[in-house]
Every structure is written in structure tokens, then in C-alpha cells.
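K.L.:
Build the 3D model from these lines:
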Amino acid sequence: VQLLESGGGLVQTGGSLRLSCAASGINVDDYDIAWFRQAPGKEREGIACVSSEEGTTSYGDSAKGRFTLSTDNAKNTVYLQMNNLKPDDTAVYYCAADVTTNSSANFWGQGIQVPVSS
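P.N.:
Numbers count the residues shown, from 1 in each chain. As a prediction, this is how the structure comes out:
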């Protein structure tokens, strides 16, 4: 199983980014897929998660109203659209599949840096 994140990079406050997570070895519609992030010195935080069984997406408080998780089953890819970014959003963002709890999963991407400048 491989989850490959892309789309990160330096962005200014108020800007937008779209992260992509291309999966191989699994079908994204068969598993709960989530985005997490971890800022320096902080615990890993759940951002968004889509349930394969229910077809619903839930968001962490910091993501509500600004971030949107979407999937493209044809491309076997999951996206995280991030709008109105803030310096507090600076973190390494991870894609994960087969989520087991609100902070753990069986499959992880390598992570991608998203620095937000003030």
C-alpha cells in the first residue's frame, strides 16, 4: 500500500492549497480515509475523515468551514482543499487509510510540509 501526498508548499495567510493523496494497493472507496496534521511540538491532529461505509465526511474544529475533503474514485485519489489558510495551519500534513481511531490508521503517507507565512 502506498499513499503519496502532493500539493504542499509555502502559502501566504489567506491563501489556498489543494493537497492530493494518490493511493496504490488499495481502493480509496473501500477504506476510511483521513487527513491528519502535526505541527512542531504539538500532537497529531485529525483534520478530516471520510467514512467508506456511511459516505459521510467529518471535520476537526480547526478545519470546519475552511477545508474540504473530496475523493476521485476513478483516479483513486483523495484531496484536501484548504482555504483561508492561517499561520496556525503550518504543519506536516498526512494522508491515512484504514483509520482505526481519531489519531491512528493502518496506512500512512510520508507527509507533506505546508508552511503558512504571516
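K.L.:
hey, let's count contacts and neighbours off CA atoms from now on
P.N.:
Will do.
K.L.:
what secondary structure does the residue nearest in space to the middle of the chain sit in?
P.N.:
Centroid-nearest residue in the chain, with CA atoms, centre = their mean: residue 35, separated by 2.6 Å. Look at residue 35: counting by DSSP: H, G, I helix; E, B strand; the rest coil, its state is strand.
K.L.:
tell me the pLDDT at it?
P.N.:
With respect to pLDDT, residue 35 has a value of 98.
K.L.:
Contacts for the longest strand seen in the chain, please.
P.N.:
In the chain, ranked by residue count with DSSP state E as the criterion, the top strand is strand 91-101. Contacts of strand 91-101 from elsewhere in the structure, counted by CA atoms under 8 Å, 6 or more residues apart in numbering, are 3-5, 21, 28, 31-40, 105-115.
K.L.:
for that strand, the distance to its chain's centre please.
P.N.:
Relative to its chain's centre, strand 91-101 lies at 7 Å (CA atoms, centre = their mean, to the nearest Å).
K.L.:
for the following helix or strand past it, packing partners?
P.N.:
Later in the chain than strand 91-101, the nearest helix or strand by DSSP states H and E is strand 104-108. Contacts defined by 3 or more CA pairs under 8 Å, 6 or more residues apart in numbering; DSSP states H and E place strand 104-108 against strand 2-6, strand 91-101.
K.L.:
repeat that with 7 Å
P.N.:
The contact analysis (3 or more CA pairs under 7 Å, 6 or more residues apart in numbering; DSSP states H and E) places strand 104-108 against strand 91-101.
K.L.:
Okay, buried residues for the strand it packs on please.
P.N.:
91-99 (16 or more other CA atoms under 10 Å).
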